[in-house]
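**Q** Okay, here's the prediction I keep looking at, along with the sequence it came from:
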Amino acid sequence: MAERPHFFQRLAAKATPSREEVLESRWLKPFGTRIRRSDLWRFTRRSVPAGVFAGLFIGIFLMVPGLQIVGAALLCVPVRGNIPIAAAMTFLSNPATTPFFLIAAIALGNKLGFHADLAAFERLYSSGADFSAWGRWLLSDAAPSLVSGLFLIALASAFVGYGVSIVVWRWWVHRKWRRRTRPELFSHPTQTQG
């Protein structure tokens, strides 16, 4: 009897784009042979944490939907990360979390000595300002604050995600080996031996 996929496997299957969808991106076609390498699509103890790192860093720092997956896939090439995991991690920054990341980035950038008017950001966001109004605000002294804050938050999140993914990977492998060597610990009590 085939084993039912675990919760995380089902979640990853829903959240990540397929290999074909990623490779068909017009932005990634110029990198075809490098992106198609099979080691970038395997789930290994080294590629998964590297994919988590790439996805979290690009997903938080770039903040441009659509380009996040492309950027994460391209960053996976030099760090040898898992592209599906990186693509899934970019979804941490989404319309619900973006305002929090931006406000935190501006506050952090301001603490570093830059100056961005947080009240102006909140007014623009709540009024649904157009692209030109956002551009004028960014061209003020807000851009250095926002970029430096986003960079630091993205870097810190990526390192934390990298560490957590190593711990989760080790736990998962240990559990898998334990299940293989001592199946009686994982059998359901109502099952009868035949």
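**A** Arrived safely.
**Q** Now do the helices in the chain.
**A** Secondary structure of the chain (DSSP state H): helices at 7-15, 19-23, 32-35, 47-62, 67-79, 83-89, 98-111, 118-127, 131-137, 143-181.
**Q** Could you look over those helices and pick the most buried one?
**A** Ranked by mean neighbour count, the helices of the chain are led by helix 83-89 with a mean of 28 (mean count of other C-beta atoms under 10 Å). Glycine gets a C-beta too; all of them are placed from N, C-alpha and C.
**Q** tell me what that one is packed against?
**A** Counting contacts by 3 or more C-beta pairs under 8 Å, 6 or more residues apart in numbering; DSSP states H and E, helix 83-89 packs against helix 7-15, helix 19-23, helix 47-62, helix 67-79.
**Q** How far does stretch 127-140 sit from its chain's centre?
**A** Mean-position distance between stretch 127-140 and its chain equals 27 Å (C-alpha atoms, centre = their mean, to the nearest Å).
**Q** From Ser93, how far out is Phe100?
**A** Here Phe100 is placed at a distance of 9 Å from Ser93 (C-beta to C-beta, to the nearest Å).
**Q** hang on, I meant Arg175
**A** Taking C-beta to C-beta, one finds Arg175 at 30 Å from Ser93.
**Q** Can you name the residues that contact the nearest residue to Gly71 once chain neighbours are set aside?
**A** Setting aside the residues directly before and after it, Gly71 is nearest to Ile58 in space (C-beta to C-beta, 6 or more residues apart in numbering), at 4.1 Å. Shown in contact with Ile58 (C-beta atoms under 8 Å, 6 or more residues apart in numbering): 68, 71-72, 75, 86, 90, 154.
**Q** Any chance of JSON lines for the residues you listed, columns pLDDT and distance to Trp171?
**A** Putting the contacts of Ile58 into JSON lines (pLDDT from 0 to 100; distance: C-beta to C-beta, whole Å) gives the following:
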{"residue": "Gln68", "pLDDT": "91", "distance to Trp171": "28"}
{"residue": "Gly71", "pLDDT": "91", "distance to Trp171": "29"}
{"residue": "Ala72", "pLDDT": "92", "distance to Trp171": "24"}
{"residue": "Leu75", "pLDDT": "93", "distance to Trp171": "26"}
{"residue": "Ala86", "pLDDT": "93", "distance to Trp171": "21"}
{"residue": "Thr90", "pLDDT": "93", "distance to Trp171": "24"}
{"residue": "Ala154", "pLDDT": "97", "distance to Trp171": "26"}
